[in-house]
Every structure is written in C-alpha cells, then in structure tokens.
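Undergrad: sequence? don't have it. structure:
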C-alpha cells in the first residue's frame, strides 16, 4: 500500500472510533446505498463485512476469492500441459507456449512509466493494474499486465507489501509478496554458488601446485581422464584446441588451471533477499580453515544480482544459459576477465534457474491475467519485468489485445532503459507510453505562488520533459493522472489541459485505487485510441560508449555535458578493449531528479553530469555508469514492518502485510 | 548416488567402450532375455533405451514418468482441497487433513537407522524407499516413506544429488534435489530476517536515546500511540502489565526499548544453502553507515538453522509459531536471554514459514507415496524428518499400514534422538527399528585376520551394540543388510546369523538398489512380522541435564563417564537457572564412531566422553552438548560436482546430477 494513499470516498465523513486506526490501514468511508448497504462502486464481490470500515489492501485482497488459476489459464487460452500450478492461485507458464503461438500476431504493447516521483512513488503499479482491469472488463479487450516480482526485503522493512493497492491489486497479495514461485530464491542460490566458487577456487589455487590442481580438476576415473564440456569451452577461450588432457603442455596446464583472480578486482558480491545493512561491507575467510585468505566484500539485496537482470532480459532458456556463462565475476592478475564459465559453474546456474525462467501467472482483483516475472533494480540494472513475460502475454492477447508492462522509477530512468535496453534485447516495439503523474508530485516540481501555479509549474517542467523523452523514441504518450482525495477539480483539469498542450495524445484522471477498473475506463479508451496511431519507434543511440553516455545525459536528462572521473575513463577504455563497447548503457542515477542532484526538481538545466565510475554486467548485457552512490542493500528502521506482521494459527490469515 | 554403489548385476561382464564411462554413472550390466531384450528384474516401466548401458540415478529417474501427483493423492485418500500442487510431480499437503482423519487409527511406525557408517553412508534412504516399495507393491500394505529434504549445498559440492539411488529412488530426483517446494529457502529467509533484526536493533539502540527509541518503536499514528500484540507479549515477559504506552514510567520505557544485547553473546548465525566456507567466520558492519558497530559472526549451512529443527519438531502451525517466538538469539548484558519475540519478528517468521510447514508429497520410482519434509542436521540438531509428515502419513495408511521414516547417521545418534527428542515431541510410539548394515562397514568395525573374521568382528561389536541400544528403548530390531555386488554369500549368511544371535528379531539381505521393491520383499515380511510383536517403548531418561548427558554417554555410547569443561558446567547451571533443564539432550558427536574418537571403530569401551561446551536451541526445544568440533558449513572441493551439472536448453534435461 502507498503509505499516504488514504482516501475518503465521495467526501462522506464518518466518525470512526480510534481503535479502528492502525498503521498501514487504508480508510475507505462511504455512504451505503439504500438497497444493499453497499455503495455501487465497491465491486459486488466484496463481502458486506468489509463495508463502511477500515479496509487495508490485504483485507481487500482477502475479501475476493481468486478464481482457480487453472480456470484463469483456460480463459486466456493456455493448454493444461502449458501450466505448472503452484497451489491454486498461481502457476508457472511453460515457454513451449511461444512455439505453439509462433504465428499468432502480437497485441498492442503499452508501457507504464512515470514523471520524476516523490520518494513514495506515484502509483505506476496501480495504474497498470487498473488499466488492464478497465481494458478487460469494461472495453472487452484481451489484456494482460506484466509486473515485477517485489523483493521480500522491503516487505519486512519500511515498505510493506507491494501488489498494487486498493481496488487495483494483484491477488492474493500475500502470495505475491512472499516467496511467490521461488524465483528470487533461485537467483539467491545461483548468485551465491558463484560467490562460493570464487573464494573456494582462490583458496585452492593459493594452496596447490599446477599439477595437483590439474589432477583434481580433470580426475582420472577408472583410468580415464577427460575434460567436461565446460572445461573444453574454457580451453577454447584460452586458444587451446586440444581435447585430450594428456596432450596439454605444462604451460597450457598452468594457463588452464589458474584463473589467477585478483582479489582486489572481484566484482561479484553475495546476495540475500533481506534488508541486512550489516552485510554491506564485510570481511570473509577469517576461520583458520581458510588459511589467511581473508578479503573484504559485501552482500547486495538479491534483486540487485546480475542474475536477476539476466532473468529479465533472456528470451529463451538457451539465451539465459549463455548469458549466465558470460557473466564476468572479476579480473585476473594479468587483466583478463574471468567468467562464470571459467569457474565451471554456469551449467549448474542454468539448472538452478530452469524453473525461474517461466513467468508466474496470477490475477488482478477483477480477475484479469497478470504475469509476475523478474524484478531487477532500476538503477544499477534496468528496472523492468521480463522480456519473456511480455512476449508470452503479447501472443496470448493476440492482435487486438493489450499488454501493459511497467518500468521502474521515472520515465527518464525506467522508460529510457525499457526502450534502449529491454526493447533492444527483445526486438519488441512499444505502441503507447502511459505516463503516470500525481498532483502531489507535480506540486513538488512546480514553482508557483499558489497551488494551481505549483501544479502548472510541475506540468510545464517535469511532465513536459518526460513527455518529450518518450517522443524522442517516437512513441505516443497518454498521461494518467492518479487522483488522490485531496486533489481539486481545478487541479485535475489543469494537469490534463497542460499535458495535452505539451504533446500528450491525451490526458485523463484515474480512479482505479478506489473504483478498480471502472475508475480507469477513460484511460483505457485513451490508450486504445493512441495505440491505433502510428508509432515510429527508434533507439536513441547506436554508437560507442562515451557517445552513448553523452546522448542520454544531454537528450534525456537535459545536461549540458558529462564529466568523467579518471577511473571512469580508464574503465571505458578497458571495456572497449574487451569488446564490450557495443553494449547498451544502463545509467545508475538518482530517481528523484532528472539530474544527478535529488533536490533539483522540475526539469533542471545548465548542469554537467558527473560519472564517478563505470561498471559492466556482461552477462545481462549492459554497461552501467555510476552517477553518485547507489545503495544496493537497504537497512531496517527502528520499527520495521515486521512488528505488525502476524499469522493467525487457526484461520491461517496474515495480518499487517498492508 | 552412493559414489561406490556400482554394480555388475548377475555377474555378467560386458565390455564397454571407455566413452561410456563417466563420473557419477552407475554401471548396470545385465543379460537380455530372449523375448524382450529386457531382463525381468529391470522393472518393465523402463524403456529399452536404458538397457545394457550405463544408467545413472538421474537416468533411471527420468526413464520413469511419475504419475500425476493429483492421481497419487487420490490413490492415498486425499481430498482435492487438501492438496496444493507444485507443478505436476509434487504437492504440499494441508494440515487440515489431520483434523479430518482425527479418529482414524495410526498405522505401524517403522524407523530406519544404521550401524556406525563409513563416511559414504550405508544406504538408509535406499532401504527406506525399497522397504516401502516392497510393502506397497508386493505385500499390498498401505505404506508411506518419510524422508528428509536434502540441502542444496552438497548437491553442488561433493555429494551430488540425494534421492535414494538405483531402483529405490524418489522421482523426479532433480526436483527432490533442487528447490523442491521452497521450504529451505523459506527457512533461509526467516533465519536471516532474525539476523538482520539483531544487528539493526543493536545499531539503533547504540545510537538513540530511550525516548527516541520509544517514539519509533511505538509511533503515534493519527495522534494515537499503541503497542502491537508482539510488544505486549514482551512487556508481560518483563513483568509490565500496562497496555497504554502513556502509562509507562521512564524506567519501564528503558527496560522495554533496550534489548541490550551483548555483542559477544549473540548465538544466532546467518545461513545460506550453499557450501561457502569463506563465510564460516566473518566480520560484519564495516560500512561507514554502520558507524563502527563491527562484530565477528558467521554463516551456517541453511539446514543447520534452528528454524529447520523447529520445522521438524512442530506439530501444528500454532506450535511452530510459539517455538519460533521462544528462540533465544543471544543474551543481554545483564544475562537475560533475548528471544525472537523480543525482537518483534516472530509473527513475520511464522508468515514466512506458513507454507513450509506443509509436507511435500512425492513418489518412489514404483509409485509409492513419499513425504519429503524438513532436514535438520544430525549432530547439532536431531537429524530426523518432520513430526507432521509422520503424523499425516500414519493417519493416511491407517491401522494396517506402515510408515517408514529415517533417522540420520548411526543408531547411536539418529535413532537415540528419534526416540528421546522426536517421539517425546510427537507422542508417537515406534513399532520396529530397521537397522541398516553393509558388509563394507562391518569389515571396518571388525578386527579379524580375514574377510569373514572382519565381518564377524563388526557384527559382534558395532552391530550388536546398536541392536542393544534399540532394545534399551524396548523396540524390536530387524537388521537389513544392504547387499553390494562384492559381498560373498558366506559374508551375507554370516551377518544374518550373528545379527539374530545378537537379539535382532530377524536379519535379511536386501537388493532394492538393483531390483527395487522386489529386492526388499524379505525385509518387508520381516518388518511386518516384528511390527506385530509387542513393543514396550520407553524413554531413556526423565531427569536433570547432567544426568541425561551421563545416561546417553554410558548407556548409548558405552563410555565410562563424562568429563565437562568449566564452560560446559557453567552453561548447564545457566540453563537450569533459566528453566531449560527439562529439555531433552541432543548430543553433537561424530557419527563415525560410537565414541567421540572417529577412528575408534567397533564398540569402543573404557573411555570418558569429553563435553567441550553446551548450547541450547530453546525454540526447537533441546540442549546440545558439544563433543568435539562440529562443522556447520561445508566447503567446496577443487572440482565441485557443479562441473558436471548441465542443462540441455532444448530438451530441458539435466545431466550430471548423478
């Protein structure tokens, strides 16, 4: 739930006893109709018990019994053998579906992005879900929402559950938020197997001769010594084309057995899906069994793993496996990149990830289908749900259908990466961008003397700039104003008017949070209309690293230029030399401003973007310049969400997950 | 697969090309019958393609298509609403089944234990599966196997997959070995949330005043300040019976907000399900954001978590929740135990574990039902599968049925803990112990001048002693000799003869590995017979801590006495003072000898058992004295199993998982 998304519907004030008030509860007070006691805009599927009282997201979620996922699957045209149920409310969908629907035309592809947000977010997930609910139930279009799987860390930390909110949710929200079908756990297992392999290998290399290493790495089994396929791959990369272990020279043996990792140049971190700030910087290897091979390293939150970015970008099992093999974990003392395949671990990684690659099917509160799949960070990675989920959904909805997918943070970050990284990987072409704005965020960006001037200021700076960014890529924009109870009609009208002046195809207020799909019908109509206009999609760049960075900084962020640290410069040289220069760029920048300065709102100009360092996720397939410091491990506050999270052991109901 | 379980069936030697030989493959060479080309003892469900060649466990597993888990569930009498399918081959079973079958009498309860093993293990899992296959398919008794879930760490390390082996396997073995239904991942998440909460809390206490802590822990929401239920529990434990935050005195506020954990007395470790030796001893908190609050700690392998032991011992959701709340994570500076509930995290732990508590239903190669559930360490914990799986299975098989459950390590460890800890927690009473022996291990224990004398020596020392241990508890013993191809008929006959002389109800050779259930029919008959004899089960002790330790050391291990370190003595005093004195004892001892000295085989006497330290798992509900050093984090060898593990991206078949 959005912490501040508390609404008094229809302006009816009801006195409520203080005992009803508790953290995380959404207030929905409404006037009963005479007939049923239930206002018509509360979907009739909700029980009367939840009426006229405090309804939290989890209560709304629980009040609706999801249809069995097998029924949902049948409705959307899946064959029984294409489904792997996980309990009765969620299922993985097999990739064989892509082959079966190969000749089916794709549906319309809609991206939901946002203006530069407040720290609380402006409701892109709820807009996505509301839009799909409106498209499905009200406009009778086949449609699908594609969402990211949330990290479990924030669920128990500051944020609470994330599954949309109000009447625009994925249900059951507790399954969405907890474990789901185990994809993030699989990523954690795979990521940490790589880490264990790195440190163990360094220890073994430090304590064994070339001969001993070779005898162990290529053991004689029943008198026969042979390379495993993964070892033959490494030999080929080293330029050794022999397949008989006995034929290797001592020099070749040494080259083969020694990865010779430079401990100071290991870029691979361990991960946990927990907000554990004390793991940000640690020293490992302090037990006597590790013989003094201590080193400093750290843990990231699991969704920051490169393996998550790979899951999101892979377009087949084979592609995922190849990307996993290419991941660079560090550099040898002679400056060569060392990959997961060099460690001999990439086959095992593919095995650990073989189920994670299948998207998970769930449903919205109104029964529309949702794919939940992947959730890479939106700063050090590209912040979009998976290519495979989008592809499957586009086939399933068919030519006249709609797939609505969401990008993280503001359009300058999530949308730019959606276009330049995700669409480049997938080959898919978007038809419409829905740009989510709130009056609250627009006021933050504005600069006027009163409320309306503030709103107008925000529209004419940040909103306008974000619309222009979408137009850089040739895609039409519909602005969705996510309406809060505190917004006045004058403010709403002003935003819609200016948005259209700034080039949006349309701009409409949305009431999905309180009303579900019914509250997004106007948005759905506007999207339908825009999707039928010509889209002239184009990438922003096809050039070398430095120029790509400069293009994004200037055209997207509005910077005058970029300034690189000496370290950043030498990294770019190194990446070019290693042949990574053609990879797209994934900027790691604050999401709270178009610039690198979080406090600069609106559409800043006259600044030079500093690039502190440049890194690469070679397996995922992007280079990420660091603009400032990005935290990849959140912490727990003094009173984390977990204080309120509980389970009734009799009813098995969860409380406090918002 | 057991690394040395390679057999040439029927002694038919076949010349095989060297290319067929690869690590991890089991050799099954056999003579075709004239009619079908398939020897009759290879179950006809295997395809011809797997005949007369090297068959690894995973190939045997894959050659058999499991029946849909929904069909299996129907066969064993589950209602559709009691099943939560996870894909088509495995499902979680809801605990509501226990209520429905409340008045159903339990079946016979059979424990599979072993003599003191060689480092490779003697095949308890295969005996368990073979016995259930024989009981089901050949003796037509309802029967169920209850197995532990294997840790993923060793799967990629030294051991490879573990799902039984040969024709006594759980299938599909890759699902058994990888992720399963996510229980170990849930344990990891829960365990590490506790760890993150500990360090974050220490940081917040170190950097905030009582008042600031109180304002954050009990925030004012819309002007109202209230305790959460978990905070009220803590207040009660502190002897403060107020419920209005405003009514607390400053002293009470200070007592409430400060757990005052002593950093040097934190016993809670983080966990990963990866063999990551570099995490054995680490320093955390080295980032500047943690303000110098560094401390030394470490990671254990996930199955060593106390939460795993709790999962295995809980007999309901409520019991699990209460045990999670009672877990002691460390001691305050004033010497008071600090629990998970004090940290405010126990409700969240129950939420994370709500699905893990449901046992996972799978099947053997011959289609008999198997519950896979929990897998606590057999040294620092009790090494048995879950109480709930056994209880559900006993109801499902009914009065005339059999549930075969397995205990880790030798009978002196796994069986003793099964009786004294697991049966105490569950209230269940065993009918028969099946004691697994191999000629190989018996020779290791023997002391004679030739093979037969070695075998006889092993029987008259270790086997005899282990039989006597079972008899201490009043339970009849059937010895199962797990036959290997290298065993002679004279050796087999000798073992069976001496075992009976030593008091076993019966002793029979078993051929389940090569023949499946057909190879265990004699064992099944012997167990059936023994189960109908009177069992006079009794606990070994009901006394205070020191006496419990002494009783186990003398009566089970054969020690003259115990010798406690000063630290061990003071810990026992502390635990007595804290009221933990009534908890059962879980000895942490080497499994390679009845004594504490791994090299002492047979049945050592004349030794004094040294107790180095004593620890407590208060939530799981046992005290564990440390006899020597137990590693709780395995390492990776120079060439880990993962080198051979691979996935064919087209067929999705896994290779190299043994």
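TA: Done, it's in. For clarity, every value in this text was computed on a predicted model and none was experimentally measured. Residues are numbered from 1 along each chain as shown, chains lettered A, B, ... in the order given.

Undergrad: So for chain A, the centremost residue is which one?
TA: Here the mean C-alpha position of chain A is nearest to the C-alpha of residue A:375 (Cα atoms, centre = their mean), at a distance of 3.2 Å.

Undergrad: How about the contacts made by that one?
TA: Residues in contact with residue A:375, defined by Cβ atoms under 8 Å, 6 or more residues apart in numbering or on different chains, are A:148, A:149, A:150, A:151, A:184, A:303, A:308, A:312, A:385. Backbone N, C-alpha and C define where each C-beta goes, glycine included.

Undergrad: low-scoring stretches of chain A, by residue?
TA: A:1-55, A:160 (pLDDT under 70).

Undergrad: if we can go back for a sec, tabulate the contacts of residue A:375 in a markdown table, adding columns for distance to chain B.
TA: Output for the contacts of residue A:375, formatted as a markdown table (distance: Cβ to the nearest Cβ, whole Å):
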| residue | distance to chain B |
| --- | --- |
| A:148 | 19 |
| A:149 | 14 |
| A:150 | 13 |
| A:151 | 11 |
| A:184 | 9 |
| A:303 | 13 |
| A:308 | 15 |
| A:312 | 18 |
| A:385 | 21 |
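
Undergrad: what's the closest of the residues you listed to residue A:561?
TA: Closest approach to residue A:561 among the contacts of residue A:375 (Cβ to Cβ): residue A:312, at 31.1 Å.

Undergrad: The closest one and residue A:378 touch, don't they?
TA: No. Residue A:312 sits out of contact with residue A:378 when judged by Cβ atoms under 8 Å, with a separation of 11.1 Å.

Undergrad: who has more neighbours, the two?
TA: residue A:312 (27 against 22; other Cβ atoms under 10 Å in any protein chain shown).

Undergrad: Can you classify the more buried one by secondary structure?
TA: When classified by DSSP: H, G, I helix; E, B strand; the rest coil, residue A:312 comes out as helix.

Undergrad: what's the closest non-adjacent residue to it?
TA: residue A:374 (3.7 Å; Cβ to Cβ, 6 or more residues apart in numbering or on different chains).

Undergrad: In contact with residue A:125, which residues?
TA: Going by Cβ under 8 Å, 6+ apart, the list of residues near residue A:125 reads A:147, A:162, A:163, A:164, A:165, A:168, A:406.

Undergrad: hang on, the earlier thing: secondary structure added to the contacts of residue A:375, as CSV?
TA: Shown next, in CSV, are the contacts of residue A:375 (three-state DSSP):
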residue, secondary structure
A:148, coil
A:149, coil
A:150, coil
A:151, coil
A:184, helix
A:303, helix
A:308, helix
A:312, helix
A:385, coil
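
Undergrad: Most neighbours among the residues you listed, which one is it?
TA: residue A:308 (31 neighbours).

Undergrad: Domain map for chain A?
TA: Here the domain parsing of chain A from automatic domain parsing is A:69-181+A:355-531, A:184-305+A:316-346, A:545-626.

Undergrad: if I look at the residue of chain A most remote from its centre, how far off is residue A:534?
TA: The C-alpha centroid of chain A is most remote from residue A:223, which lies 50.2 Å away (Cα atoms, centre = their mean). Residue A:223 sits 69 Å away from residue A:534, taking Cβ to Cβ, to the nearest Å as the criterion.

Undergrad: could you list every residue that touches the nearest residue to residue A:241 once chain neighbours are set aside?
TA: Spatial nearest neighbour of residue A:241, excluding adjacent residues (Cβ to Cβ, 6+ apart): residue A:235 at 7.3 Å. Contacts for residue A:235 were tallied using Cβ under 8 Å, 6+ apart; they are A:227, A:241, A:242, A:256.

Undergrad: ok, the helix or strand harbouring residue A:262 near chain B or not?
TA: Residue A:262 is part of strand A:261-266 when elements are defined by DSSP states H and E. No. Applying Cβ under 8 Å from any Cβ of the partner chain, one finds strand A:261-266 separated from chain B by no less than 11.4 Å.

Undergrad: what sits up against that strand?
TA: A:198, A:201, A:202, A:205, A:295, A:297, A:329, A:330, A:331, A:332, A:333, A:338.

Undergrad: same check, this time on stretch A:376-384
TA: With Cβ under 8 Å, 6+ apart as the criterion, stretch A:376-384 contacts A:148, A:303-304, A:306, A:308-309, A:311-313, A:374, A:405-409, A:413-414, A:417-418, A:421-422, A:586, A:588-591, A:615, A:617, A:620, A:622, A:624, A:630, A:632.

Undergrad: out of these, which are buried?
TA: A:148, A:303-304, A:306, A:308-309, A:311-313, A:374, A:405-409, A:413-414, A:417-418, A:421-422, A:586, A:588-591, A:615, A:617, A:620, A:622, A:624, A:632 (16 or more other Cβ atoms under 10 Å in any protein chain shown).

Undergrad: Let me know the helix or strand that the closest residue to residue A:502 other than its chain neighbours is in.
TA: Among residues not flanking residue A:502 along the chain, residue A:464 sits closest, at 4.1 Å (Cβ to Cβ, 6+ apart). Assessed by DSSP H and E, residue A:464 sits inside helix A:464-472.

Undergrad: what residues does that helix touch?
TA: Under Cβ under 8 Å, 6+ apart, the answer for helix A:464-472 is A:113-116, A:410-412, A:415-416, A:433, A:435, A:476-477, A:479, A:498-499, A:502-504, A:540, A:555-556, A:558, A:594, A:603.

Undergrad: Weed out the non-buried ones from those residues.
TA: A:113-116, A:410-412, A:415-416, A:433, A:435, A:476-477, A:479, A:498-499, A:502, A:504, A:540, A:556, A:558, A:594, A:603.

Undergrad: if you look at those, which of them are in helices?
TA: A:416, A:498, A:499 (DSSP state H).

Undergrad: and which of these is nearest chain B?
TA: Comparing those against chain B with Cβ to the nearest Cβ picks out residue A:416 as the nearest, at 29.2 Å.

Undergrad: Tell me the bridge partners for residue A:437.
TA: Beta bridges link residue A:437 to residue A:481, judged by DSSP bridges.

Undergrad: from memory it sits against residue A:483, does it?
TA: No. Using Cβ under 8 Å, residue A:437 is not in contact with residue A:483, being 10.3 Å away.

Undergrad: more neighbours, these two?
TA: Under the neighbour definition other Cβ under 10 Å, residue A:437 and residue A:483 were set side by side, and residue A:437 has more, 29 against 23.

Undergrad: show me what contacts the more buried one?
TA: Neighbouring residues of residue A:437 by Cβ under 8 Å, 6+ apart: A:114, A:115, A:122, A:459, A:463, A:479, A:480, A:481, A:482, A:495, A:499.

Undergrad: separation between it and chain B?
TA: 28 Å (Cβ to the nearest Cβ, to the nearest Å).
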